[in-house]
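Q: the sequence and its predicted three-dimensional model are supplied below.
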Amino acid sequence: MGLTFISSQTASSDSSLDFTSGIDSTYNEYLFTIVNYKPVTDESKLGFQVDTGTNTSYGQTITSTSWKAGHAEDDGWSVLSYNGDEDQAQGTALQRISYSGESGSNEMTSSGTLTLYAPSDGTYVKHFTARVNTQYQSGSDKYAIDNFVAGYVNTTTALTRVRFATTSGNILTGTFALYGVS
């Protein structure tokens with residue numbers, strides 16, 4: 001597997017980061033990397049939505065599932081569970097991919113990946129997977145929480161745009177990069 005860099009964006013209190021070019025039929029798989037995402041508003045979750053052609057509504061229908069695994073630094077807590085409030089059943093909302101995010105501490109960030117499979121295919125729905133790890137703090141307790149999301153965008157029209165945004169407020173920091181996978 002080889003990665004070809006296409007573009008990147010660095011957030012600075014942005015309401016969203018939109019990738020509006022570079023997703024076409026050149027590659028059958030596209031990988032987004034997310035490094036050190038932090039929201040302006042504590043605990044705002046990072047999400048994405050997609051669009052087709054030159055559309056800019058970012059309201060495509062998504063079916064997805066979500067689960068998380070986590071562990072506390074002091075070994076006092078661990079979890080492996082389904083996130084029923086994070087999945088969508090033919091929904092058009094922002095698909096959440098991070099567990100949470102902290103803006104108050106430089107140690108607390110989220111990093112991970114989002115992969116789109118065959119976004120230009122004109123026959124099938126568009127599958128995706130995401131894995132985002134959050135270093136999270138509540139009081140003096142510190143946690144590592146890995147969030148997993150998978151699903152599909154229910155359209156056979158080519159996807160050409162991806163928007164990253166938060167569930168509340170803006171994206172304070174983070175570097176988002178797009179790669180073609182060959």
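A: Alright, I've got the coordinates. Residues are numbered from 1 along each chain as shown.
Q: where do the strands sit along the protein?
A: Under the criterion DSSP state E, strands of the chain are mapped to 3-14, 16-19, 29-39, 46-52, 62-72, 78-82, 95-96, 110-117, 126-138, 141-153, 159-166, 171-181.
Q: out of those, which is closest to Ala89?
A: Evaluated with C-beta to C-beta, the strands of the chain place strand 62-72 nearest to Ala89, the distance being 6.0 Å. (C-beta placed from N, C-alpha, C; glycine too.)
Q: now that closest one: buried residues?
A: Within strand 62-72, the residues that qualify as buried by neighbour count (16 or more other C-beta atoms under 10 Å) are 62-64, 66-68, 70, 72.
Q: please apply the same query to stretch 70-79.
A: For stretch 70-79, by 16+ other C-beta under 10 Å, it's 70, 72.
Q: next one: stretch 79-99
A: 83, 86-88, 91, 94-99.
Q: what's next to it, contact-wise?
A: Outside of stretch 79-99, the residues that reach it under the criterion C-beta atoms under 8 Å, 6 or more residues apart in numbering are 37, 45-49, 59-71, 110, 112, 114, 130, 132, 134, 136, 145-147, 149, 151, 154, 165, 167.
Q: packing partners of the helix or strand bottoming out on mean pLDDT in the chain?
A: Across the helices and strands of the chain, mean confidence by mean pLDDT, DSSP states H and E is lowest for strand 126-138: a mean of 93. Taking 3 or more C-beta pairs under 8 Å, 6 or more residues apart in numbering; DSSP states H and E as the contact definition, the neighbouring helices and strands of strand 126-138 are strand 46-52, strand 110-117, strand 141-153.
Q: quick one: closest of those to Ser182.
A: With respect to Ser182, and counting by C-beta to C-beta, the nearest of the helices and strands packed on strand 126-138 is strand 110-117 at 13.5 Å.
Q: put the alpha carbons of the least confident helix or strand of the chain into PDB.
A: Output in PDB follows, covering the C-alpha atoms of strand 126-138 (Å, rounded to 0.1, in the frame of the first residue of the first chain):
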ATOM      1  CA  LYS A 126     -19.800   4.400  -0.300                       C
ATOM      2  CA  HIS A 127     -18.300   2.600   2.700                       C
ATOM      3  CA  PHE A 128     -16.100   4.300   5.300                       C
ATOM      4  CA  THR A 129     -14.200   3.400   8.500                       C
ATOM      5  CA  ALA A 130     -12.900   5.700  11.200                       C
ATOM      6  CA  ARG A 131     -10.700   5.200  14.200                       C
ATOM      7  CA  VAL A 132      -9.900   8.200  16.500                       C
ATOM      8  CA  ASN A 133      -8.000   8.000  19.800                       C
ATOM      9  CA  THR A 134      -8.700  10.600  22.400                       C
ATOM     10  CA  GLN A 135      -6.500  11.400  25.400                       C
ATOM     11  CA  TYR A 136      -9.200  12.600  27.800                       C
ATOM     12  CA  GLN A 137      -9.100  14.200  31.300                       C
ATOM     13  CA  SER A 138     -11.800  14.600  33.900                       C
END
